[in-house]
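S.K.: structural data only, the sequence is not supplied:
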């Protein structure tokens, strides 16, 4: 039986039993959980990241949310929740501080989007698509309390997107997914891994996966923080096809080697969730399911996946670890 490794008990994980036994990943029936106009300033809220967070000695949740304002400027806002379903978001965007004057001067805020958040060792690390010279790359920062945020040096040169950290060091090094790109709406993309001794200098780049066929034939990109299991790293990602109506973003999954995570053990040939509901198909960018976060209960193997819906709202979906792993293995390319 597949078990999680280094995954804490999360008894208050949001959950809803599936209604159709054939489903491997299923939607929350009250989606979207965050709507586009939840803030006074927001045009849309989507592609956001959440983590367990202790506040007032109680197990709660916090996160970093992509908020495109009514100028259509891409911003990052902090948010909090008691149940990981009903969220209170800060009206003001995150103001990034720097402990180093030179770093602060080099990185005046321009825009930021598609954040990920992960606890590693003693703090919450945040990665996002950061503007550097108005060109996209991977921003890196951290917080202890989701009130004060510190920005570090960018991980890579432009152009890059989908920076996703692993939840622990591997062989003594921090490890991050990324997807080298271009300055536009990237019509290509492979997933790579890079390694760092200090979260500042990144190298030892390794190719992980290229686009496949059908639902992921145009490009792919890393999604939530990988989940460590006895079978390997469970990686939920997005795949894109190009149709006569434009790009279509769906959710897929793969299992990577624990010690050499650039080696793919299994990769599901089928998508797990594709844009089919109205809130996934109609919005600022139609036909998008874009996963950015996943909560996992180490005791039950329950998984809650947060995903952007049509670049407009935030949706919630669910899966169970053991059936998901077996499905990936049984339908591997």
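M.R.: Looks like it came in fine. The structure presented is a predicted model; accordingly, all values stated were derived computationally and were not measured.

S.K.: tell me the SS of residue 279?
M.R.: Under the three-state scheme (DSSP: H, G, I helix; E, B strand; the rest coil), residue 279 adopts helix.

S.K.: pLDDT score for it?
M.R.: pLDDT for residue 279: 98.

S.K.: pull the contacting residues for it.
M.R.: 31-32, 309-310, 312-313, 315 (CB atoms under 8 Å, 6 or more residues apart in numbering). Every C-beta, even on glycine, is put in place using the N, C-alpha and C of the backbone.

S.K.: quick check, residue 141 in a helix?
M.R.: No: counting by three-state DSSP, one finds residue 141 to be strand, located in no helix.

S.K.: give the ChimeraX command for selecting the buried subset of the contacts of residue 279.
M.R.: Buried residues among the contacts of residue 279 (16 or more other CB atoms under 10 Å), as a ChimeraX selection:
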select :31,32,309,310,312,313,315
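
S.K.: can I get the contacts of residue 279 in a markdown table including pLDDT and secondary structure?
M.R.: Compiled in a markdown table, these are given as follows (pLDDT from 0 to 100; DSSP: H, G, I helix; E, B strand; the rest coil):
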| residue | pLDDT | secondary structure |
| --- | --- | --- |
| 31 | 98 | coil |
| 32 | 98 | coil |
| 309 | 98 | strand |
| 310 | 98 | coil |
| 312 | 98 | coil |
| 313 | 98 | strand |
| 315 | 98 | strand |
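
S.K.: and which of the contacts of residue 279 is nearest to residue 131?
M.R.: Checking those against residue 131 by CB to CB gives residue 312 as the nearest, at 21.7 Å.

S.K.: wait, that closest one touches residue 280, no?
M.R.: No: the pair residue 312 / residue 280 is not scored as a contact, 9.1 Å apart, by CB atoms under 8 Å.

S.K.: does anything pack onto the longest strand anywhere in the chain? Which helices or strands?
M.R.: The residue-count maximum for a strand in the chain (DSSP state E) belongs to strand 42-55. For strand 42-55, the packing partners by 3 or more CB pairs under 8 Å, 6 or more residues apart in numbering; DSSP states H and E come out as strand 58-69, strand 74-81, strand 112-120, strand 123-132, strand 289-296, strand 302-309, strand 313-320.

S.K.: so for it, mean pLDDT?
M.R.: The model assigns strand 42-55 a mean pLDDT of 97.

S.K.: distance between that strand and the chain's centre?
M.R.: 10 Å (CA atoms, centre = their mean, to the nearest Å).

S.K.: sheet partners, orientation included, of it?
M.R.: strand 58-69 (antiparallel) (DSSP bridges).

S.K.: ok and the strand it pairs with relative to strand 302-309, angle-wise?
M.R.: 10 degrees (axes from the mean of the first three to the mean of the last three CA atoms, to 10 degrees).

S.K.: residues of strand 58-69 that come out buried?
M.R.: 61-69.

S.K.: repeat that for stretch 300-313.
M.R.: 301-313.

S.K.: now these in TSV, with distance to residue 142?
M.R.: Putting the buried residues of stretch 300-313 into TSV (distance: CB to CB, whole Å) gives the following:
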residue	distance to residue 142
301	29
302	28
303	25
304	24
305	24
306	20
307	24
308	23
309	28
310	31
311	27
312	29
313	28
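
S.K.: OK, contacts around residue 290?
M.R.: Per CB under 8 Å, 6+ apart, neighbours of residue 290: 46-47, 114, 223, 238, 249, 307-308, 311.

S.K.: what do you get for residue 195?
M.R.: 170, 173-176, 202-204 are the contacts of residue 195 under CB under 8 Å, 6+ apart.

S.K.: just residue 183 next, same as before
M.R.: Counted by CB under 8 Å, 6+ apart, residue 183 has contacts 135-136, 158-159.

S.K.: and for residue 1?
M.R.: Contacts of residue 1 (CB under 8 Å, 6+ apart): residue 322.

S.K.: can you read off the pLDDT for the residue nearest in space to the middle of the chain?
M.R.: The centre of the chain sits closest to residue 292, judged by CA atoms, centre = their mean, with a distance of 2.2 Å. Among the per-residue scores, residue 292 shows a pLDDT of 98.

S.K.: what of residue 140?
M.R.: Looking at residue 140, the pLDDT reads 98.

S.K.: next, the angle strand 123-132 makes with whichever strand or helix holds residue 164.
M.R.: Assigned by DSSP states H and E, residue 164 falls within strand 160-165. Angle, strand 160-165 to strand 123-132, by the same axes, to 10 degrees: 170 degrees.

S.K.: in this structure, where is pLDDT below threshold?
M.R.: Of all residues in the chain, none has pLDDT under 70.

S.K.: hang on, the earlier thing: closest to residue 26 out of the helices and strands packed on strand 42-55?
M.R.: With CB to CB as the measure, strand 313-320 is the member of the helices and strands packed on strand 42-55 nearest residue 26 (5.7 Å).

S.K.: sounds good, over and out.
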